[in-house]
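*Asks:* pasting the sequence and the predicted coordinates here, then a few questions.
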Amino acid sequence: MTTDQIHIREVGLRDGLQMVSTFLSTEQKLEWCRRMRAAGCTEIEVTSFVPAHIVAQFADAADVARGALAIEGLKASALVPNLKGAQRAFETGLQQVHYVLSASNEHNLKNVRRSTAESVEDFRRIVKFRDESGQRSTALSAGVATAFGCTVAGRVDESAVLDLVSQLLECGADEIAIADTVGYANPAQVRRLMRNVLSLTGDKPVICHFHDTRGLGLANVTAALDVGIRRFDSSLGGLGGCPFAPNATGNINTEDTVFLMESQGLKTGIDIDALLDIRKTLTEWLPNEPFTGAIARAGLPKTCAV
Ligand code: ZN
């Protein structure tokens with residue numbers, strides 16, 4: 001059954017910042033989190049537990065995670081690349097941990113130097129470790145990246161994506177994320193794949209992660225809404241790019257996504273004006289980064305009472 005309630009998870013602090021060379025301080029990251037929570041956002045992917053020598057921006061991952069956990073009413077989560085990262089994340093007591101593998105074996109090899117099948121086994125070990133170490137309060141989300149196509153392999157077989165979803169559920173995933181990592185998806189493809197994903201997931205939450213690399217981000221959100229998806233990742237100001245497409249825009253923009261929802265009567269609980277204020281601060285902190293967004297440019301229409 002579908003509802004009018006939409007869950008927006010802010011991923012700018014992770015997907016956005018991983019592309020940014022300017023360092024934000026731990027306090028700036030936490031100010032961003034606190035202000036997002038005050039704006040009504042209840043879910044934030046606050047950092048990534050990748051080794052600092054790979055992405056130096058996340059050297060303060062544990063401090064950001066602990067600081068975010070102190071924010072009342074916030075479900076704080078983090079990305080982990082492997083068991084070691086997951087162990088570090090579990091130590092902080094985060095409410096949710098995200099693990100991502102690629103539907104494209106070629107992309108997975110390039111990204112984490114393991115086959116997709118090996119990554120599934122890695123996820124199984126993470127679930128086992130969590131369960132045996134008494135960390136069951138931390139939900140484990142499993143994501144399938146390059147689910148709509150891949151810059152390395154090109155076309156990605158839909159049945160391979162569905163097979164991975166089944167395997168991740170069987171491993172014990174508490175949530176399934178489906179990601180268009182490189183911005184290849186189109187609305188017809190989204191409707192078809194997400195309908196099939198939902199036929200496998202039962203009561204488990206399913207979240208879509210779209211990039212606006214080729215301008216179809218919000219069209220793909222609408223397609224996912226049509227088939228019953230109510231959870232979306234987005235990034236404030238559309239911060240972040242695509243490592244495989246220089247100059248391309250990154251994640252779908254949080255302000256515009258909230259506007260898309262609220263303008264048609266769907267409820268996000270998020271105040272767009274407050275988002276625009278936070279965005280202003282971010283553009284001051286990161287003056288060299290490209291920010292996207294139609295609402296920031298044009299303002300809200302008079303007919304929209306959000
Ligand atoms: Zn992404």
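*Replies:* It's in.

*Asks:* hey, let's count contacts and neighbours off CA atoms from now on
*Replies:* Will do.

*Asks:* what is the helix or strand in which Lys280 is found packed up against?
*Replies:* Element membership of Lys280 [criterion: DSSP states H and E] is helix 272-285. Here helix 272-285 touches helix 26-38, helix 254-263, going by 3 or more C-alpha pairs under 8 Å, 6 or more residues apart in numbering; DSSP states H and E.

*Asks:* tell me the most buried of those?
*Replies:* helix 254-263 (a mean of 22; mean count of other C-alpha atoms under 10 Å).

*Asks:* how far does that helix sit from its chain's centre?
*Replies:* Taking C-alpha atoms, centre = their mean, to the nearest Å, one finds the center of helix 254-263 at 16 Å from the center of the full chain.

*Asks:* so who does the closest residue to Ala248 other than its chain neighbours touch?
*Replies:* Spatially, and ignoring its direct neighbours in sequence, Ala248 is nearest to Thr213 (5.2 Å; C-alpha to C-alpha, 6 or more residues apart in numbering). Applying C-alpha atoms under 8 Å, 6 or more residues apart in numbering to Thr213 gives the contacts 182-184, 241-242, 245, 248-251.

*Asks:* most neighbours out of the residues you listed, which is it?
*Replies:* Gly250 (33 neighbours; other C-alpha atoms under 10 Å).

*Asks:* what sits against that one?
*Replies:* For Gly250, the contacting residues are 16, 211-213, 238-242, by C-alpha under 8 Å, 6+ apart.

*Asks:* inside helices: which ones of these?
*Replies:* Judged by DSSP state H, the subset of those located in helices is empty.

*Asks:* mind checking the SS state of the residue nearest to Arg14 when sequence neighbours are not counted?
*Replies:* Once flanking residues are discounted, Arg14 sits nearest to Thr47: 4.9 Å by C-alpha to C-alpha, 6+ apart. What DSSP: H, G, I helix; E, B strand; the rest coil gives for Thr47 is strand.

*Asks:* on that earlier part again, for the helix or strand just after the helix holding Lys280, C-alpha coordinates in PDB please.
*Replies:* Sequence-wise, the next helix or strand downstream of helix 272-285 (DSSP H and E) is helix 294-298. Extracted in PDB, the C-alpha atoms of helix 294-298 (Å, rounded to 0.1, in the frame of the first residue of the first chain):
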ATOM      1  CA  ALA A 294      15.900  25.200 -10.000                       C
ATOM      2  CA  ILE A 295      14.200  26.300  -6.800                       C
ATOM      3  CA  ALA A 296      17.400  28.100  -5.600                       C
ATOM      4  CA  ARG A 297      17.500  29.900  -9.000                       C
ATOM      5  CA  ALA A 298      13.800  30.700  -9.500                       C
END
